[in-house]
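J.: fold the following.
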Amino acid sequence: MIVSILLSTAVFIFIAVLLVLYFRGAFRRQPDYSLQRVPSPTADHFMAAIAGLSDSIELPGQITHFWSDIATVQAERLKAIKSAQRSIQFETYIMTPGQRADDFAEALIQQSTNGVSIQLVIDSFGARSLPKRYWQKLRSAGVEVRFFNAFSWRSPTDFLARNHRKLLLVDQSQALIGGAGVSDMWDGVGEGETAPWLDTEVCIKGPVLTRLRGLFLQHWLDAGESADLSGVDWQAKTTAADETLLVTSGKDPSYRGSSIRALMQLYALSASQRLWIASPYLLPDRNTRKVLIKAAQRGIDVRILTMGSLSDKPYVYYASRELYGELLRSGIKIYEYQPSMMHAKLVLIDQDWISLGSANLDPRSFFHNDELNLSAAKSVLVSQLEQLFHQAFLKSQPVELTAWRSRSLWQKLYGRCSLLLYWQL
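T.: Sure thing, here's the model as predicted:
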């Protein structure tokens, strides 16, 4: 009797999931970017072409700092918060109880006491483990806190869309963008981890901040709040130090149109020498896999740095490994990071182009989440990212096709079962 009830429940849940995916368009034919004569990253019109096809925007600005050490990332965030004179705006996905969250709250409360206007947009799912008293303490100090996309029975499937951005805006002088959450997990405290997580952050300045502030205010308005635009400098002046940056916001993606997916595919199509990608969650859809495979077949040095078995989501790790076969057979090199969780999201194209931010090579970043990526041509970061990749490759286990084929039956079953929920991974 119990077995029958459990089986019926499982079948009901499975059918319900299929129906939800069907009505959200998961099985709709997706755009296939079959483009010819794609401009190379060295072409003058490359950025304009990428911007137009990926719904991105070109703006002047400067990448002033790049950090890949988690302790430094967290320290620089606090330093930026403490430097604020007028305003702080922050949005993120993951926040969990611990020292990092406590340090963050303490810095915000101190600045709010000093008269700094503070607005937070926190993902309601990613921060679900923090108790109400944490937010009450912030609000009591004058910090404005809003939650992104809280569950509603009026539109329950909308809850699948999350805010995956990590953006800190301080005054109108600087912005920090990266992949790290506000959590002790990034310090490498998980079982088996011997080092902090691998993740990155950049500090940017210049007129591009106006666009970033607008993106933040969109989410602020989505949370049902009014926005005061009187204090925003919409006419920020450019300087000789500014370069052209490409901002891809990936807001409200769908199975029919995804800015992040278009961006990733266009990078693969444009590469002429190398395409190095760092993505912890490696679950590219069929069309993206095809584009990556074709790049490798053209002789492009395609390498993917991803998480190893020390993953914060083991089911995603084993699901990802089920897709390795065709990638490895095409000559794509896959490296599984060993010391701890690999959480960086990076792209290095040839010797000329970099991209970083919050987006993964997976269905959630492509079709569900609001993301934020920053790209630049001929950036000073090219050599720094190249060095970071080389160091990470040395700390990783290269995946060999023969070893992958001999993985255990348990791993295959675990991975295949996890892939049943592919569109939500």
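J.: now do the same end-to-end measure for stretch 318-325.
T.: This stretch, stretch 318-325, spans 13 Å end to end (Cα to Cα, to the nearest Å).
J.: and if you look at stretch 135-145?
T.: Stretch 135-145: ends 7 Å apart by Cα to Cα.
J.: pull out the buried residues from that stretch.
T.: Judged by neighbour count (16 or more other Cβ atoms under 10 Å), stretch 135-145 contains these buried residues: 135, 138, 143, 144, 145. C-beta coordinates here come from the backbone N, C-alpha and C atoms, glycine included.
J.: next up, the contacts around residue 85.
T.: By Cβ atoms under 8 Å, 6 or more residues apart in numbering, the contact list for residue 85 reads 116, 171.
J.: please report how far it lies from residue 279.
T.: Distance, residue 85 to residue 279, by Cβ to Cβ, to the nearest Å: 37 Å.
J.: look at residue 35 and report its pLDDT.
T.: Residue 35 is assigned 70 on the pLDDT scale.
J.: isn't it right up against residue 270?
T.: No - Residue 35 lies out of contact with residue 270 (Cβ atoms under 8 Å); the separation is 9.1 Å.
J.: which of those two has more residues huddled nearby?
T.: residue 270 (23 against 14; other Cβ atoms under 10 Å).
J.: my guess is the more buried one meets residue 40, correct?
T.: Yes - counting by Cβ under 8 Å, residue 270 touches residue 40, with 6.0 Å between them.
J.: hang on, the earlier thing: among the buried residues of stretch 135-145, which ones are in strands?
T.: Among the buried residues of stretch 135-145, the members found in strands (DSSP state E) are 144, 145.
J.: shared neighbours, residue 270 and residue 40?
T.: With Cβ under 8 Å, 6+ apart as the test, residue 270 and residue 40 both reach residue 46.
J.: can I get the buried residues of stretch 135-145 in TSV with pLDDT and distance to residue 57?
T.: Formatted as TSV, these follow (pLDDT from 0 to 100; distance: Cβ to Cβ, whole Å):
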residue	pLDDT	distance to residue 57
135	98	33
138	98	32
143	98	30
144	96	27
145	97	28
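J.: farthest pair in the buried residues of stretch 135-145?
T.: In the buried residues of stretch 135-145, two members sit farther apart than any others by Cβ to Cβ. They are 135 and 144, at 10.8 Å.
J.: let's verify residue 306: helix, strand, or coil?
T.: strand (DSSP: H, G, I helix; E, B strand; the rest coil).
J.: and the nearest residue to it once chain neighbours are set aside, how many neighbours does it have?
T.: Spatial nearest neighbour of residue 306, excluding adjacent residues (Cβ to Cβ, 6 or more residues apart in numbering): residue 282 at 4.5 Å. Per other Cβ under 10 Å, the neighbour tally for residue 282 reads 24.
J.: now do the helices in the stretch 301-425 of the chain.
T.: For the stretch 301-425 of the chain, the helices defined by DSSP state H, counting those that start in this stretch cover 314-321, 324-329, 363, 381-394, 401-405, 409-419.
J.: show me the one of these that comes nearest residue 155.
T.: Going by Cβ to Cβ, the one of the helices of the stretch 301-425 of the chain nearest residue 155 is helix 363, 20.0 Å.
J.: and the closest one, how far from the chain's centre?
T.: Relative to its parent chain, helix 363 has a centroid offset of 12 Å by Cα atoms, centre = their mean, to the nearest Å.
J.: same question, stretch 374-381
T.: What separates the centre of stretch 374-381 from the centre of its chain is 17 Å, taken as Cα atoms, centre = their mean.
J.: quick check: residue 181 touching residue 164?
T.: No - the criterion here is Cβ under 8 Å, and residue 181 misses it with residue 164 at 9.9 Å.
J.: so those two - more neighbours on which side?
T.: A count of neighbours by other Cβ under 10 Å puts residue 164 above the other of residue 181 and residue 164, at 28 against 23.
J.: mind listing what that one touches?
T.: 93, 123, 358, 359, 364, 365, 369, 370, 371.
J.: so which of the residues you listed are in strands?
T.: Under the assignment DSSP E, these contribute residue 123 to strands.
J.: how about the contacts of residue 164, which pair is most distant?
T.: 123 and 359 (15.0 Å).
J.: which one of those two has more residues nearby?
T.: Set side by side, residue 123 and residue 359 show more neighbours around residue 359, with 28 against 24, by other Cβ under 10 Å.
J.: wait, the more buried one sits on residue 368?
T.: No - applying Cβ under 8 Å as the test, residue 359 and residue 368 come out as separate, 11.4 Å apart.
J.: would you mind measuring from residue 342 to residue 335?
T.: Relative to residue 335, residue 342 is positioned 9 Å away (Cβ to Cβ).
J.: overlap in contacts of these two?
T.: 305, 306, 392, 396.
J.: just to revisit the earlier point, tell me the one of the buried residues of stretch 135-145 nearest residue 312?
T.: The closest of the buried residues of stretch 135-145, once distances to residue 312 are taken by Cβ to Cβ, is residue 135, at 23.5 Å.
J.: give me every residue that touches that closest one.
T.: Neighbouring residues of residue 135 by Cβ under 8 Å, 6+ apart: residue 145.
J.: for the closest residue to residue 218 other than its chain neighbours, what are phi and psi?
T.: Distances taken as Cβ to Cβ, 6+ apart place residue 251 nearest to residue 218, at 6.8 Å, with adjacent residues excluded. The phi and psi values for residue 251, taken as degrees, to the nearest 10, are phi -90, psi 140.
J.: distance check, residue 251 against residue 375.
T.: With distances taken as Cβ to Cβ, residue 251 is found 17 Å from residue 375.
J.: the two - which one has more neighbours?
T.: The residue with more neighbours, out of residue 251 and residue 375, is residue 375; 25 against 18, by other Cβ under 10 Å.
J.: touching, the more buried one and residue 245? I think so.
T.: Yes - taking contacts as Cβ under 8 Å, residue 375 lies within contact range of residue 245: 7.1 Å.
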